[in-house]
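Asker: Pasted the sequence and its predicted model underneath.
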Amino acid sequence: MTGPAGNASTILTNIGELMTQDAEHRVLTDAAIVFEGERIAWIGSAADAPAADSHYDAAGRACLPGWVDSHTHLVFAGDRTAEFEARMSGQSYAAGGISVTVEATRRATDEELGDLVTQRAAEAAAGGTTYLETKTGYGLDVAEEARSARIAAATADEVTFLGAHLVPEGWSADEYVRTVTGPMLSAVRPYVQWADVFCETGAFTPDQSREVLRACRLAGLGLRVHGNQLGPGEGVQLAVDEGAASVDHVNYLTKSDIDALAGSWSSWNGQSAWNGQLGQNANNRGTVATCLPACDLSTRQPLAPARELLDAGVPIALASNCNPGTSYTTSMAFCVATAVLQMGLTVHEAVRAATYGGALALHREQPNDDDGRLAVGSLAVGHRADLQLLDAPSATHLAYRPGMQLTHAVWRGGEPVR
Ligand SMILES: [Zn+2]
């Protein structure tokens, strides 16, 4: 089975459990999957499988989509071990620790910073991540933010401009917001698809955050918000009002925050978006709630109410939030295990949030006719061949054997990466 474009095909057979996370939520046993070039060409029972150019015996292992990590901060130098130790001995976390990282990042050469980002992305890929978002936000001046965006774009699939991470020392907030929405936005614009703002006490007020988001939307960027991480606040409502693709952290939510998130999907229908049914058009998307459990544990914050969100019909994503201050891990498997063991999700729901949910939060769950890119985050014919095999017969082992290194093999766009 060589495809019309002449791409070589590969068949994986003897898959113990194939979790598609597509609209039908299929979990197939004795399954096979065929990919041709970068696309999935066929999925079904091994007994009905077509022939292919090459063959891979999965030896009874589980197969699932590669992780879609929709929230990371990989462009940084240095680490913050001392701050972490202080926190573990009882000091509370407050916005502000990033200045240590900003200084170390500014001191790193382009080559050093680029190498650090590539190493972290490679570590993520080895752990099963096949689609990766990362952010700027440790530059905090025009030239440094532009440099971070350029370096991020060389490696990550999606880049987010987070100039509004914190008001740097020596600046007034208003003066800094004018810079972020003016020269800084122009300088990063060629490298980024998204903009984000840290809407939190000690960072940016709702009014300042709105100003940043609106300027970035006018520049053609999609929007995301860091919100409701350290206490109740207006971040979630702001994200919904401004039509953000996601609001991330969401630790402290009121009933009205959850209602606002569910309501944002009412013209698509929250449950059907989560279930994978296509919306009528791109304009009726709502706001995905992105939960970051590794960060919650590392800051000793209450875990985000993922169960309540799902029960209310809000689509959720799970992401690593890999960053040096509050979540220094790229392990999506750890996030999935935590979501099952401590956040009340089933394995299927947690894996869905870490694959399809991340794609939904990045507007990548459907093929994009404008840029020709294939759908990611679920396994279906025509989607990008982004998949992983576990050293286990089912995905349940991700939570049943927490902390074990279960990634056996990973393909990204049909190419083996591990
Ligand atoms: Zn973050």
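Answerer: Looks like it arrived, so ask away. Please read these numbers as outputs of a predicted model, since none were measured by experiment.
Asker: Which pLDDT value does the model give residue 309?
Answerer: Looking at residue 309, its pLDDT is 98.
Asker: what does residue 405 give?
Answerer: Confidence score, pLDDT, at residue 405: 96.
Asker: tally of neighbours for it?
Answerer: 11 (other CB atoms under 10 Å). C-betas here are computed from N, CA, C, even on glycine.
Asker: quick one: it from residue 331, how far?
Answerer: The gap separating residue 405 from residue 331 is 9 Å, by CB to CB, to the nearest Å.
Asker: Residues that sit against both of these two, list them.
Answerer: Residues touching both residue 405 and residue 331 (CB atoms under 8 Å, 6 or more residues apart in numbering): none.
Asker: The nearest residue to residue 242 once chain neighbours are set aside in helix, strand or coil?
Answerer: Nearest non-adjacent residue to residue 242, counting by CB to CB, 6 or more residues apart in numbering: residue 213, 4.8 Å away. Following DSSP: H, G, I helix; E, B strand; the rest coil, residue 213 is assigned to helix.
Asker: got it, and residue 190?
Answerer: helix.
Asker: Stretch 284-302: which residues count as buried?
Answerer: Using 16 or more other CB atoms under 10 Å as the test for burial, stretch 284-302 gives 285-299, 301.
Asker: Just the buried positions in the helix or strand encompassing residue 146, please.
Answerer: In this structure, residue 146 is located in helix 142-153 according to DSSP states H and E. Neighbour counts over helix 142-153 (16+ other CB under 10 Å) mark 142, 144-153 as buried.
Asker: What ranges does the stretch 201-350 of the chain have for its helices?
Answerer: 206-218, 235-241, 255-264, 270-275, 293-299, 306-311, 332-343, 347-354 (DSSP state H, counting those that start in this stretch).
Asker: again, but for the stretch 51-200 of the chain
Answerer: 81-88, 98-107, 110-126, 142-153, 173-179, 185-188.
Asker: could you say what helices and strands the shortest one packs with?
Answerer: Applying 3 or more CB pairs under 8 Å, 6 or more residues apart in numbering; DSSP states H and E, one finds that helix 185-188 makes contact with helix 142-153, strand 158-164.
Asker: Just send those back as CSV, with mean pLDDT and distance to residue 396 too.
Answerer: Putting those into CSV (pLDDT from 0 to 100; distance: least, CB to CB, whole Å) gives the following:
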stretch, mean pLDDT, distance to residue 396
helix 142-153, 98, 35
strand 158-164, 98, 30
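Asker: Ok, which of these comes nearest residue 342?
Answerer: Shortest distance between residue 342 and the helices and strands packed on helix 185-188, using CB to CB, is found for strand 158-164: 27.3 Å.
Asker: what are the pairing partners of that closest one, and which direction each?
Answerer: strand 129-135 (parallel), strand 194-199 (parallel) (DSSP bridges).
Asker: Now render those as JSON lines, adding mean neighbour count, mean pLDDT and distance to residue 276.
Answerer: Formatted as JSON lines, the strands paired with strand 158-164 follow (neighbours: other CB atoms under 10 Å; pLDDT from 0 to 100; distance: least, CB to CB, whole Å):
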{"stretch": "strand 129-135", "mean neighbour count": "28", "mean pLDDT": "98", "distance to residue 276": "16"}
{"stretch": "strand 194-199", "mean neighbour count": "28", "mean pLDDT": "98", "distance to residue 276": "22"}
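Asker: Among the ones you listed, which comes closest to residue 374?
Answerer: So among these, strand 129-135 is nearest, using CB to CB, at 10.7 Å.
Asker: Would you mind writing the CA trace of the closest one as PDB?
Answerer: Taking C-alpha atoms only, strand 129-135 is exported to PDB below (Å, rounded to 0.1, in the frame of the first residue of the first chain):
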ATOM      1  CA  THR A 129       5.200  14.500  23.300                       C
ATOM      2  CA  THR A 130       4.600  15.000  19.500                       C
ATOM      3  CA  TYR A 131       3.100  18.500  19.400                       C
ATOM      4  CA  LEU A 132       4.500  21.300  21.600                       C
ATOM      5  CA  GLU A 133       3.600  24.900  22.400                       C
ATOM      6  CA  THR A 134       6.100  27.100  24.100                       C
ATOM      7  CA  LYS A 135       6.200  30.700  25.300                       C
END
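Asker: Now find how far off-centre that strand is within its chain.
Answerer: How far strand 129-135 lies from its chain's middle: 6 Å, per CA atoms, centre = their mean, to the nearest Å.
Asker: Tell me what angle that strand forms with helix 142-153.
Answerer: 170 degrees (axes from the mean of the first three to the mean of the last three CA atoms, to 10 degrees).
Asker: can you pull the contacts of the most centrally placed residue in the chain?
Answerer: Closest to where the C-alpha atoms of the chain average out (CA atoms, centre = their mean) is residue 70, at 1.2 Å. For residue 70, the contacting residues are 133, 158, 246, 290, 317, 319, 357-359, 361-362, by CB under 8 Å, 6+ apart.
Asker: how much space is there between it and residue 105?
Answerer: Distance from residue 70 to residue 105, by CB to CB: 22 Å.
Asker: Residue 389 too?
Answerer: From residue 389 to residue 105 the distance is 36 Å (CB to CB).
Asker: quick one on the thing from earlier: what's the spacing between the residue nearest to the centre of the chain and residue 408?
Answerer: For residue 70 relative to residue 408 (CB to CB), the value is 24 Å.
Asker: Likewise for residue 415?
Answerer: Applying CB to CB to residue 415 and residue 408 gives a distance of 16 Å.
Asker: Who has more neighbours out of the two?
Answerer: residue 408 (17 against 12).
Asker: For residue 62, see how far away the more buried one is.
Answerer: In terms of CB to CB, residue 408 sits 9 Å off from residue 62.
Asker: Mutual contacts of those two, please.
Answerer: 389-390.
Asker: and this protein, what are its domains?
Answerer: 9-65+378-416, 67-361 (automatic domain parsing).
Asker: out of those, nearest to residue 370?
Answerer: Of the domains of the chain, nearest to residue 370 by CB to CB is domain 67-361, at 9.7 Å.
Asker: hey, which helix or strand in the chain has the poorest pLDDT?
Answerer: Between all helices and strands in the chain, the lowest mean by mean pLDDT, DSSP states H and E belongs to helix 270-275, at a mean of 85.
Asker: If anything else comes up later, I'll come back, but that's it for now.
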